[in-house]
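Peer 1: Starting from these lines, generate the structure:
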Amino acid sequence: MKFKHMAVALLATAALVGQAGAQQFFRIGTGGTAGTYYPVGGMIANAVSQPGKIVVTAQASNGSLANVNAIAGGSLESGFSQADVATWAYTGTGAFEGKPKVTDLRMIANLYPESIHLVVKKGAGIKSVADLKGKRVALDEPGSGTLINARMVLAAYGVKESDIKPEYIKPNQAGDKLKDGALDAFFFVGGAPAGAIAELASSGAGIELLDISGPQADKLRADSPYFSTDDIPAGTYKDVAAVKTLAVGAQWVTSAKADTETVYQITKALYSDAAQKALAAGHAKGKLITKENAVKGVAIPYHPGAEKFYKEAGLIK
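Peer 2: Numbers count the residues shown, from 1 in each chain. Here you go, the predicted model:
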């Protein structure tokens, strides 16, 4: 009997050692392949993976809302979300009004500002958001942060969804339809330059970006403080003039259930010299993914692993 107990104990110890040394898998829900989340997610996954220890992968998704719901349901370890969507999920407000709060949602890092792009066909006679009445406008798919923000922008300018001919499609599909003359405008919220819009501008389709500024935008900012003023400089997209718009933070979120040491190692790796160089070289928004920006505009609790790193770096107390 004694030997039997010893054998069982040895097996249990071996299993624990095996678990401790096991490779951790950590997925990041991003967005559509034509947006900014997807390429940035791929860059981050490559930069923070530690072969044999932690394997981080990026996967396409419907965006912020879908990612938060997948984290809450346990089908994703982490994901990207607009700051407004993350805040609403945690507090049960906005798009999460009347739904269970996602109280386990935790912050890994604020990444970069996401600009609200309102792309219109040149010569369509659309000079302001109010001019969208009666037009064919794509608002992005359900589950995306863009759809929520598009509705907020329309409402701020007195445009109801019933005033337009809405379509609920991704930016790359919207770009194709705009080019073919089957669409007048589309919204996209993401880091500039966005792949789908850059491709559209380079194709010679003839596009403009619309200003989202003035009293209506100021009121929207006052009512929803997670919005900030933003500029998309001339030349960000081929032959497209500079515009003033609004932005919201892109954030990397996870669950309180995620392993503390894994999240600590990932956060630490994200701000290593090697990762910072790779991010800055890989995408225009990569230069903004710095440890100083990581703690800006954070309205939900940090994951203990991320918090440990930011405290060590002297960024939070």
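Peer 1: Touching stretch 160-176 from outside, list them.
Peer 2: Residues from elsewhere that reach stretch 160-176 (CB atoms under 8 Å, 6 or more residues apart in numbering): 32-35, 119, 132-142, 146-147, 151, 154, 177, 183, 186, 188, 194-197, 199-200, 205. In this view, the C-beta of every residue, glycine as well, is placed from N, C-alpha and C.
Peer 1: Show the residue spans covered by the strands in the chain.
Peer 2: All strands of the chain, identified by DSSP state E, fall at 24-29, 54-59, 78-82, 105-121, 136-138, 165-167, 185-190, 207-209, 227-232, 243-255.
Peer 1: Least reliable of those by average pLDDT, please.
Peer 2: Comparing mean pLDDT across the strands of the chain, the weakest is strand 227-232, with a mean of 90.
Peer 1: looking at the strands of the chain, which is closest to Ala95?
Peer 2: strand 78-82 (10.3 Å; CB to CB).
Peer 1: just the angle between the closest one and strand 105-121, please?
Peer 2: 50 degrees (axes from the mean of the first three to the mean of the last three CA atoms, to 10 degrees).
Peer 1: Please tell me how far the nearest residue to Met43 once chain neighbours are set aside sits from Ile300.
Peer 2: Once flanking residues are discounted, Met43 sits nearest to Gly282: 4.5 Å by CB to CB, 6 or more residues apart in numbering. Separation of Gly282 from Ile300 (CB to CB, to the nearest Å): 27 Å.
Peer 1: Ok, Val159 next?
Peer 2: From Val159 to Ile300 the distance is 31 Å (CB to CB).
Peer 1: thinking Pro301 is in contact with Asp104, fair?
Peer 2: No: taking CB atoms under 8 Å as the definition, Pro301 is not a contact partner of Asp104, at 9.8 Å.
Peer 1: and Gly181, what does it touch?
Peer 2: Lys121.
Peer 1: brain fart, Lys177
Peer 2: Going by CB under 8 Å, 6+ apart, Lys177 touches Ala138, Glu167, Ile169, Leu183.
Peer 1: before we move on, what about Ser128?
Peer 2: So Ser128 contacts Tyr157, Leu210, Asp211 (CB under 8 Å, 6+ apart).
Peer 1: For burial, what's the neighbour tally of the closest residue to Glu261 other than its chain neighbours?
Peer 2: Counting by CB to CB, 6+ apart, Gly305 is the residue found nearest to Glu261 once chain neighbours are left out, at 6.6 Å. By the other CB atoms under 10 Å criterion, the neighbourhood of Gly305 contains 21 residues.
Peer 1: Might one say that Gly305 is in contact with Ser255?
Peer 2: No: using CB under 8 Å, Gly305 makes no contact with Ser255, being 11.5 Å away.
Peer 1: one step back: is it possible to mark the buried ones in the contacts of Lys177?
Peer 2: Buried members of those, scored by 16 or more other CB atoms under 10 Å, are Ala138, Glu167, Ile169, Leu183.
Peer 1: Of the contacts of stretch 160-176, grab the buried ones for ChimeraX.
Peer 2: Here is the ChimeraX command that picks out the buried ones among the contacts of stretch 160-176, judged by 16+ other CB under 10 Å:
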select :32,34,35,119,132,135,136,137,138,139,140,141,146,147,151,154,177,183,186,188,194,195,196,197,199,200,205
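Peer 1: Ile44: neighbour count?
Peer 2: With neighbours defined by other CB under 10 Å, the count for Ile44 comes to 28.
Peer 1: Could you report the separation of Lys135 from Asp184?
Peer 2: Distance from Lys135 to Asp184, by CB to CB: 4 Å.
Peer 1: Give me the common contacts of these two.
Peer 2: With CB under 8 Å, 6+ apart, Lys135 and Asp184 have common neighbours Ala124, Ile126.
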